[in-house]
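K.L.:
Quick one, fold the following:
(chains A, B, C, D, E and F)
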There are 4 protein chains.
Amino acid sequence: MTDAVSIPAVAGSGPGVPKTARGERTRARILKAAEETFGSLGYHRAGIADITRAAGVASGTFYTYFVSKEQTLRELVQEMGRRLRAHLERETADAQDRLESEEMGLRAFLQYLRDNPALYRVLQEAQFVDESIYRSYYESFGERYIRMLAGASDRGEIRPGNDEVRVWALMGISNFLGLRYALWEKEMHFDEIVATVSDLLRNGLASAGAREKR
Amino acid sequence: MTDAVSIPAVAGSGPGVPKTARGERTRARILKAAEETFGSLGYHRAGIADITRAAGVASGTFYTYFVSKEQTLRELVQEMGRRLRAHLERETADAQDRLESEEMGLRAFLQYLRDNPALYRVLQEAQFVDESIYRSYYESFGERYIRMLAGASDRGEIRPGNDEVRVWALMGISNFLGLRYALWEKEMHFDEIVATVSDLLRNGLASAGAREKR
Amino acid sequence: MTDAVSIPAVAGSGPGVPKTARGERTRARILKAAEETFGSLGYHRAGIADITRAAGVASGTFYTYFVSKEQTLRELVQEMGRRLRAHLERETADAQDRLESEEMGLRAFLQYLRDNPALYRVLQEAQFVDESIYRSYYESFGERYIRMLAGASDRGEIRPGNDEVRVWALMGISNFLGLRYALWEKEMHFDEIVATVSDLLRNGLASAGAREKR
Amino acid sequence: MTDAVSIPAVAGSGPGVPKTARGERTRARILKAAEETFGSLGYHRAGIADITRAAGVASGTFYTYFVSKEQTLRELVQEMGRRLRAHLERETADAQDRLESEEMGLRAFLQYLRDNPALYRVLQEAQFVDESIYRSYYESFGERYIRMLAGASDRGEIRPGNDEVRVWALMGISNFLGLRYALWEKEMHFDEIVATVSDLLRNGLASAGAREKR
DNA sequence: AATGAATGAGCTTTCATTCAT
DNA sequence: AATGAATGAAAGCTCATTCAT
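P.N.:
Numbering: from 1, shown residues only, chains lettered A, B, ... in the order given. Just a heads-up that it's a prediction; the model follows:
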């Protein structure tokens, strides 16, 4: 967070950081077009030509601001991660406790994904182009998440447990529900989804009668 | 195995279905090599030449048995799905109830993934090559799963709820934990993971005091 | 010389050494076409497409046998050097002494260059693509040459002197005369050229009266 | 210097001949940078951007003073040739006779090349970019040289002979010795080189006993 | 005059697929 | 059935040059 101010992200890694406002605009247009194109065609099917066409610039212009297709994907993943994180923080700011925060976070995530479907595809494809960026995406996500669970655990809001494992479980839940209900079939109301997960987190899956053991 | 008869168009597809035992062996060698190669290099980086080299045959031989690289991926996903399902069914056969089945299933999945890391990558990459095969993989998986939850619900083993949503949540949990602990870092004992998830499913995430609401 | 038998030159560095006679023929056709194309258009202006067109094969076929344009240039220089050396050895075999050998060698070189004009251009351009190959071309040439002068010096055929310097001077003479009279303007009879150089080598440039000093 | 007036079309070519002193300076800076860049990277590897970066100006500024990369090379060759010729004339001014002039000229050439290594590369590469400029470089050089030999011949300083051939032989000697001892390996003292060539020119290569014939 | 963004033709290289043997 | 050579479309990328400011 602190470095978000002093370091202009990884943006400075391009062959030429734009020096004029016009250049800045063009660079942004291309990055946006890359997001759309990767999102719709997929990273591998998307050619530089597709991106520049979508951006309305000549193909060579891409290389005025980006070193390579792959490097652009990296930058995109980081930027999209930043945006998502900012969205989630904003949307969960009013939560009274962890459980409520989980509910608000899940709903916010589903909405965000429905509005930004490219996020999912770009992220998933990045996984096999450069695993490290994908890992760092989830690990940076996970670390904060773990701290939040630990805090909630200390405050007695949630049961003690292995927070790392629980965090990855929770991220898995969001991820799959997002894929299924925010990207594939959008017929189910998010309230229903959130309520179901909420029940799972508040009461578990087991019926009261099956709750003993371990 | 039985469906290999009913869906021959997909399972045994290829310009020439092998008629000799030797041909059968060659085809199997190539498919195995494709699995390994897709698993290690990834679908896009893997070339037909890499596959045939790994299989120990000439590059042209690939097309004696397979229509295309993409079609091969499809076949692979189906076969890998079948194998995984068979494994899980075998490993959860002795479960006394749904919760126990969940525990055994998760452990079995983690083990399987650790032993067959290619499964994850092949499946994930297939998602963007042909979404339909990926969806049908999870949907066919999900349908059985939903029926199981419904049965357990009827038997009073688990709380009533939206089974479809719960199934996708559960699949998300397995998937992420598998990626994190069976593929990336293998330092955590599966017992710990299963216990944590088990606690979540049996008692929820919330502490007893925070359990009211809805 | 000895390795010319056991090691198939640098030819084996291509992506695929041809395994069939047909492949052997194609590879040779491409290399020949590369020589012609580099010779006429020059290394930089010559595209792979020019080469393959001249060879009568598809553009991709080039990469069946060669790793890159640059690597091909390297191989070409080595092969052309070998051929020239073989030619000179053949043509100077009957020389009675060093001076006669110089005459026969110069004439043979001029003739060879006139018949193989590509040699000059390919070699000169290679100099700036990969200096090492150019240096090794001349140095391997020079080493033999030095030994010959040393032998002649021992036998009293030539004046004692710094053989290395003399060799480079002699190579410079051939080179420039070749460029001027075998490539640019072919109007002068080689006899005249050889006679002039011969006089220079036998009697020096200075008139008898100016011959003292040092 | 004087011909800068008579051949303005070539020497001062450019879309806009600089009118201000500042423009003059910029143009000179770019030309100097071109020399350095062509010399170090080579004509083909050197991009306009490399040149302007070295000159400390924006890339577009190049075209304020030069028509094209190729045209710049041409101008450079001419200028470098002029400078070399001026240097040689200065350094050989005190020579008493032709032989001494050859010695002083060779030494001066070696020194000049060692101090201006770009000369060699720029010249050699120009050869295949525009043969005519290369030819005219050597031919203009050669013509003066021939006249000098003819004069020396008339004065009885050197043996009569085909001066054109001898001139090209002499230029070849300088060229190769320069490459070998002023650019590649600088370990040998120029005195030794000059002495060796001097002996060759004064007494020939042949020992006294082998001097008959023709 | 000077800047730096923008252009787009052209290049080398890859590789799934087909063909000839 | 099997081989490996041959294909050619397409991709990513470069860079001399032009344009807008």
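K.L.:
Could you list the low-pLDDT ranges of chain A?
P.N.:
Where chain A drops to pLDDT under 70, the residues are A:1-14, A:210-214.
K.L.:
Which parts of it are helices?
P.N.:
Taking DSSP state H, the helices of chain A run over residues A:3-6, A:21-41, A:48-55, A:62-65, A:69-91, A:98-115, A:118-129, A:131-154, A:163-177, A:190-203.
K.L.:
give the contact list for residue A:204.
P.N.:
By C-beta atoms under 8 Å, 6 or more residues apart in numbering or on different chains, the contact list for residue A:204 reads A:211, B:159, B:200, B:201, B:202, B:203, B:204. Bear in mind the C-beta positions are built from the backbone N, C-alpha and C, glycine included.
K.L.:
Let's see that with 6 Å instead.
P.N.:
Under the criterion of C-beta atoms under 6 Å, 6 or more residues apart in numbering or on different chains, the contact list for residue A:204 reads B:201, B:202, B:203, B:204.
K.L.:
How about residue A:168?
P.N.:
Residue A:168 neighbours (C-beta under 6 Å, 6+ apart): B:176, B:177, B:180.
K.L.:
if you set the cut-off to 10 Å instead, what comes out?
P.N.:
A:138, A:142, A:145-146, A:162, B:172-173, B:175-181, B:193, B:196-197 (C-beta atoms under 10 Å, 6 or more residues apart in numbering or on different chains).
K.L.:
cool, residue A:144 as well?
P.N.:
By C-beta under 10 Å, 6+ apart, the contact set of residue A:144 is A:85, A:88, A:89, A:167.
K.L.:
Distance check, the first one against DNA strand E.
P.N.:
I take that to be residue A:85. Distance from residue A:85 to DNA strand E, counting by C-beta to the nearest atom of the strand, to the nearest Å: 29 Å.
K.L.:
Same check on the second one?
P.N.:
Computed with C-beta to the nearest atom of the strand, the distance linking residue A:88 and DNA strand E is 33 Å.
K.L.:
Compute the number of surrounding residues for that residue.
P.N.:
Residue A:88 is flanked by 20 other residues according to other C-beta atoms under 10 Å in any protein chain shown.
K.L.:
In contact with it, which residues?
P.N.:
If you count contacts by C-beta under 10 Å, 6+ apart, residue A:88 has them with A:101, A:104, A:105, A:106, A:108, A:109, A:112, A:141, A:144, A:174.
K.L.:
One more pass at 6 Å, please.
P.N.:
Residues near residue A:88 by C-beta under 6 Å, 6+ apart: A:105, A:108.
K.L.:
how near is it to DNA strand F?
P.N.:
Using C-beta to the nearest atom of the strand, residue A:88 is found at 32 Å from DNA strand F.
K.L.:
separation between that residue and residue A:108?
P.N.:
6 Å (C-beta to C-beta, to the nearest Å).
K.L.:
Go through the helices of chain A and pick out the most buried.
P.N.:
Among the helices of chain A, helix A:163-177 has the highest mean neighbour count (mean count of other C-beta atoms under 10 Å in any protein chain shown), at a mean of 24.
K.L.:
Helix B:98-115 and that one, what's the angle between them?
P.N.:
With axes from the mean of the first three to the mean of the last three C-alpha atoms, to 10 degrees applied, the angle from helix A:163-177 to helix B:98-115 works out at 90 degrees.
K.L.:
Run a quick check on residue A:118 versus residue A:39, I expect a contact.
P.N.:
Yes - with contacts defined as C-beta atoms under 6 Å, residue A:118 counts as touching residue A:39 at a distance of 2.6 Å.
K.L.:
What residues does the residue of chain A most remote from its centre make contact with?
P.N.:
Distance from the C-alpha centroid of chain A, by C-alpha atoms, centre = their mean, peaks at residue A:209 (38.1 Å). Neighbour list for residue A:209: empty [criterion: C-beta under 6 Å, 6+ apart].
K.L.:
swap in residue A:163?
P.N.:
A:146, A:149, A:150.
K.L.:
I'd like the distance between it and residue A:151.
P.N.:
For residue A:163, the distance to residue A:151 - C-beta to C-beta - is 10 Å.
K.L.:
if we can go back for a sec, got a markdown table for the helices of chain A, with distance to residue C:76 too?
P.N.:
Compiled in a markdown table, these are given as follows (distance: least, C-beta to C-beta, whole Å):
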| stretch | distance to residue C:76 |
| --- | --- |
| helix A:3-6 | 53 |
| helix A:21-41 | 41 |
| helix A:48-55 | 33 |
| helix A:62-65 | 32 |
| helix A:69-91 | 34 |
| helix A:98-115 | 57 |
| helix A:118-129 | 37 |
| helix A:131-154 | 41 |
| helix A:163-177 | 56 |
| helix A:190-203 | 67 |
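K.L.:
domains of chain A?
P.N.:
A:1-67, A:70-214 (automatic domain parsing).
K.L.:
for those domains, which one sits closest to residue C:73?
P.N.:
For the domains of chain A, proximity to residue C:73 was assessed by C-beta to C-beta; domain A:1-67 is nearest, at 26.9 Å.
K.L.:
is chain D contacted by that closest one?
P.N.:
No - using C-beta under 6 Å from any C-beta of the partner chain, we find that domain A:1-67 stays clear of chain D, coming within 10.0 Å at best.
K.L.:
so how far is that domain off the chain centroid?
P.N.:
19 Å (C-alpha atoms, centre = their mean, to the nearest Å).
K.L.:
does that domain come close to chain B?
P.N.:
Yes - with C-beta under 6 Å from any C-beta as the measure, domain A:1-67 is seen reaching chain B through A:42, A:44.
K.L.:
Spell out which residues of chain A are next to DNA strand F.
P.N.:
Residues of chain A found near DNA strand F (C-beta under 7 Å from any atom of the strand) are A:22, A:46, A:47, A:48, A:49, A:59, A:60, A:62, A:63, A:68, A:69, A:70.
K.L.:
For the last one, give me its contacts.
P.N.:
Think residue A:70. residue A:129.
K.L.:
can you check the fourth one too?
P.N.:
Contact partners of residue A:48, counting by C-beta under 6 Å, 6+ apart, are A:59, A:62.
K.L.:
That one and residue A:61: what is the separation?
P.N.:
To residue A:61, residue A:48 is 10 Å away according to C-beta to C-beta.
K.L.:
cool, the second one as well?
P.N.:
According to C-beta to C-beta, residue A:46 stands 16 Å off from residue A:61.
K.L.:
Which of the two has more residues huddled nearby?
P.N.:
A count of neighbours by other C-beta under 10 Å puts residue A:46 above the other of residue A:46 and residue A:61, at 21 against 18.
K.L.:
Would you check that the more buried one makes contact with residue A:38?
P.N.:
Yes - the pair residue A:46 and residue A:38 qualifies as a contact (C-beta under 6 Å) at a distance of 5.4 Å.
K.L.:
Tell me how far the closest residue to residue A:181 other than its chain neighbours lies from chain D.
P.N.:
Nearest non-adjacent residue to residue A:181, counting by C-beta to C-beta, 6 or more residues apart in numbering or on different chains: residue A:188, 5.2 Å away. Plainly put, residue A:188 is 55 Å away from chain D if you go by C-beta to the nearest C-beta, to the nearest Å.
K.L.:
So what's the residue count around residue A:188?
P.N.:
So residue A:188, with other C-beta under 10 Å, has 17 neighbours.
K.L.:
Look up phi and psi at it.
P.N.:
The phi and psi values for residue A:188, taken as degrees, to the nearest 10, are phi -90, psi 140.
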